[in-house]
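1. sequence first, predicted model second:
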Amino acid sequence: MQAVVLVGGEGRRLRPLTDTRPKPMMQLVDRPFVAHQIDLLRRHGVTDVVFSCGYRPDALRAHFGDGEALGVRLRYVVDPEPLGTAGAVANARPLLDGGEVLVLNGDILTDLDLTAVLAAHRAAGGDGSIVLTPVADPSAYGLVRLAPDRAVREFVEKPSPSQLIPGEPYRINAGTYVLGPAALDLIPSGRACSIEREIFPALAAGGRLFGHPSDAYWRDIGTHASYLEAHTDVLAGEVATESPTGEAYVGPGTEVAPGARVGNRSSLGAGCRVGAGAEVRGSVLGDGAEVGAGARVVGAVLGAGVHVGEGAELRGLVVAGDGATIAAGARLVGPTSVPTGGTAGAAPVRAGAA
């Protein structure tokens, strides 16, 4: 079994954190985010993996290499231009053996039972399968309706209340697919193409696309809030990963001074410094970040090398890009962001400021 992981997106909603790294290389507790997907694939016996890259591919190559250290064979293709989800799979076709392929969106955290997904795909006998996850409100997504045999009957993009059927399950695309050879043959080469908008509707029209509803943990990490919540879930053990769990994760070489407090599912990268009497709660600190004495950081996401001055207070979803400086005594109230390499002064920065 082979897998293609789509890691080409720029991660614009995660800026300024993705100014300096691709979204798949965003740290999630003790490892880059996409390493969790490699772990999941390996646990289910899928060890031949292709990264279909776009934005900053060298960062992935430099970190993962050939994948041997992770127990997989890892290869790379780079889209010459944005090709869409199907086009990115087509770009990987020279590295595929012509059989079934697992396709994973590179920004989804899940502990999905891939073995069960593959078994269901083969039992259905179709050319493609799409994993579906339940949501309370499908209005921001694309609702997928199934026939009794789980064949995909209809896609409803961002349904209005009048389009919903009372009592129906609200299931959306979970970003994990199985594509058989016939489905792969539908994808044109050399142009942008969407699996969701072109390939799936064609398969569904012929009764060859099946849905696999799953109640497994599922999270799209593509926003600041969701990225922060993913850390909380991993540390709380809400999702099965190979990362440590507990009240906090403290990376190698990080120093927490006497009297400082770190908790509420905080994650601190390598080489951080937390000063005397400081408090870090429910926050993420990138490698080499520093929190000055007496500062208070609650619900924030700080990039690598961010410096928080003494007595500063960050409250709410404050996001700071790599190398940013928060002046001593500053008061920042989120949601707000400080640009990469930027400075936030002592005056309050209120919600929505940049």
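-> On my side now, so go ahead.
2. checking Arg197 next. Helix, strand or coil?
-> helix (DSSP: H, G, I helix; E, B strand; the rest coil).
3. neighbours of it, just the number please.
-> 14 (other C-beta atoms under 10 Å). (Each C-beta comes from the backbone N, C-alpha and C, glycine too.)
4. where does it land on pLDDT?
-> Among the per-residue scores, Arg197 holds a pLDDT of 92.
5. what do you get for Gly125?
-> Reading off the model, Gly125 has pLDDT 95.
6. how near is it to Leu112?
-> 21 Å (C-beta to C-beta, to the nearest Å).
7. same question for Tyr227.
-> Applying C-beta to C-beta to Tyr227 and Leu112 gives a distance of 19 Å.
8. the two: who's more crowded?
-> Taking other C-beta under 10 Å, Tyr227 and Leu112 do not tie; Tyr227 has more neighbours (26 against 23).
9. can you tell me which helix or strand that one belongs to?
-> Per DSSP states H and E: Tyr227 is located in helix 224-236.
10. ok, the residue nearest the centre of the chain to Gln163 distance?
-> When C-alpha atoms, centre = their mean is applied to the chain, the residue found nearest the centroid is Asp107 (2.8 Å). Asp107 sits 27 Å away from Gln163, going by C-beta to C-beta.
11. I'd assumed Arg219 was in a strand, is it?
-> Yes - membership of Arg219 in a strand is supported by three-state DSSP.
12. correct me, but it touches Leu228?
-> No - counting by C-beta atoms under 8 Å, Arg219 sits too far from Leu228 to count as a contact (11.0 Å).
13. does Pro134 really touch Pro213, like I thought?
-> Yes - at 7.3 Å, Pro134 counts as touching Pro213 under the criterion of C-beta under 8 Å.
14. need the residues touching each of those two.
-> Pro169, Arg171 (C-beta atoms under 8 Å, 6 or more residues apart in numbering).
15. what sits up against the helix holding Tyr227?
-> 13-14, 17, 26, 28-29, 109, 217, 219-221, 238-239, 241, 243-249, 265-267, 282-284, 299, 301, 317, 319, 335, 337.
16. what's the spacing between it and its chain's center?
-> 10 Å (C-alpha atoms, centre = their mean, to the nearest Å).
17. listing partners with orientation, what would you give for the helix or strand following that helix?
-> Proceeding N to C from helix 224-236, the next assigned helix or strand is strand 248-250, under DSSP H and E. With DSSP bridges as the test, strand 248-250 is paired with strand 266-268 (parallel).
18. which neighbouring elements make contact with whatever helix or strand comes next after the strand it pairs with?
-> Later in the chain than strand 266-268, the nearest helix or strand by DSSP H and E is strand 273-274. Packing partners of strand 273-274 (3 or more C-beta pairs under 8 Å, 6 or more residues apart in numbering; DSSP states H and E): strand 255-256, strand 290-291.
19. list the contacts of the following helix or strand past the last one.
-> Toward the C-terminus, strand 290-291 is succeeded by strand 296-298 as the next helix or strand (DSSP H and E). Contacts with strand 296-298, where a contact means C-beta under 8 Å, 6+ apart, come from 278-283, 285, 291, 308, 312-316, 318.
20. do I have it right that Gly292 meets Val308?
-> Yes - the criterion here is C-beta under 8 Å, and Gly292 meets it with Val308 at 5.7 Å.
21. and the pLDDT for the nearest residue to Gly45 once chain neighbours are set aside?
-> Excluding the flanking residues, the one nearest Gly45 by C-beta to C-beta, 6 or more residues apart in numbering is Met1, at 6.9 Å. pLDDT, Met1: 88.
22. one more: Gly167?
-> 86.
23. surely it is in a strand?
-> No - counting by three-state DSSP, Gly167 is not part of a strand but coil.
24. for it, the count of nearby residues, please.
-> Gly167: 5 neighbours (other C-beta under 10 Å).
25. where in this protein is pLDDT low?
-> Judged by pLDDT under 70, the chain has its weakly predicted residues at 346-354.
26. could you chop it up by domain?
-> 2-225, 248-344 (automatic domain parsing).
27. winner for burial among the ones you listed?
-> Ranked by mean neighbour count under mean count of other C-beta atoms under 10 Å, the domains of the chain are led by domain 248-344, which reaches a mean of 21.
28. what's the span of that one, first residue to last?
-> 27 Å (C-alpha to C-alpha, to the nearest Å).
29. sweet, I'm off.
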